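Participant: Below are the sequence and a predicted model; questions follow.
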Amino acid sequence: MKYVSMLLLAALGWACQSDASTKAAMATAPLPATLTAVPDTLRPGVPAVDDAYLLGKFEPRLKPNFVSVGPPYSDRAGMLLRKEAFEAFKKMFAAAKKEGIALNIISATRNFAQQKVIWEGKWTRFAKDAPAPKDRALKILEYSSMPGSSRHHWGTDMDLNDLNNAAFEAGGKHEKVYLWLIAHAHEYGFGQPYTAGRPTGYHEEKWHWSYLPLSRSFLAAYHQRLSEKDIQGFEGAETAVEIGIVKNYVLGINKDCW
């Protein structure tokens, strides 16, 4: 019954998850139905970031505020996160472990170049089944971001344990993991951006969790300063404007993660 109650809380929204050419225009641009307000500035205490950072056009290994993720927090080598996000995760990891819950980071920061490899690999693989550029882009966008539009660029977001929703659902091997995250992740600053029931954006991702004290401000800055015209430099980028990649995908998240 405890787990059922947790699921009900999730359904009620406890767990979180522009093509304008000027800031003024972006401030008045229509927002997805999931959004009700957009902060005007970065929150106090959040480091300022430039457009290149928001677009993932930098090398995380050269940034002093990024740290390596390793055992026991992950069984993969070579991943990085923002220092603040990783410190919060370590506290969450320890609390979960005390309750018999094992959290494992399987994907963390990906910059523009890394996301481009993922995107263009799928662009090639889906060419036969979806020859029209827009259809192919929409197929990829079910679960993968266009380079320049991914939250994984920021060092605040991570994928945990598995990349299959069924693994976190009733009877799945990570069912208890998800129920614990629903109940406790917010205590450490984490939310689930891609929940079920959103009118726009990626499919639900029960594995994707974001460190909100930073990502909320980075998202607000992205909305204020960037548009679909800034999404370029990879195969299929010409579809970004038609699809509305910023309005419908970057901003198409669970409203509790704003």
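Facilitator: Everything's here; your move. Numbering: from 1, shown residues only.
Participant: Please make it C-alpha for all contacts and neighbour counts, starting now.
Facilitator: Noted.
Participant: Which stretches in the stretch 1-150 of the chain count as strands?
Facilitator: 66-69, 79-82, 105-107 (DSSP state E, counting those that start in this stretch).
Participant: Would you pull up how far the last one lies from the middle of the chain?
Facilitator: Using CA atoms, centre = their mean, to the nearest Å, the mean C-alpha position of strand 105-107 is found 13 Å from that of the whole chain.
Participant: Spit out the contact partners of K134.
Facilitator: Contact analysis of K134 by CA atoms under 8 Å, 6 or more residues apart in numbering lists T239, E242, I243.
Participant: possible to save the residues you listed as TSV with secondary structure?
Facilitator: Below are the contacts of K134 laid out as TSV (DSSP: H, G, I helix; E, B strand; the rest coil):
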residue	secondary structure
T239	helix
E242	helix
I243	helix
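Participant: Can you flag the buried ones in the residues you listed?
Facilitator: Buried members of the contacts of K134, counted by 16 or more other CA atoms under 10 Å: T239, I243.
Participant: closest to H184 out of the strands of the stretch 1-150 of the chain?
Facilitator: Nearest of those to H184, taken as CA to CA: strand 105-107 at 16.9 Å.
Participant: neighbouring strands for the closest one, and are they parallel or not?
Facilitator: Note on strand 105-107: by DSSP bridges, its sheet partners are strand 157-160 (antiparallel).
Participant: Quick one: residues in contact with the partner strand.
Facilitator: Against strand 157-160 from outside (CA under 8 Å, 6+ apart): 81, 103-109, 151-152, 207-211, 215.
Participant: circling back: please tabulate the strands of the stretch 1-150 of the chain in CSV, including the columns distance to E235.
Facilitator: As requested, the strands of the stretch 1-150 of the chain are exported to CSV (distance: least, CA to CA, whole Å):
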stretch, distance to E235
strand 66-69, 29
strand 79-82, 26
strand 105-107, 23
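Participant: Thank you, goodbye.
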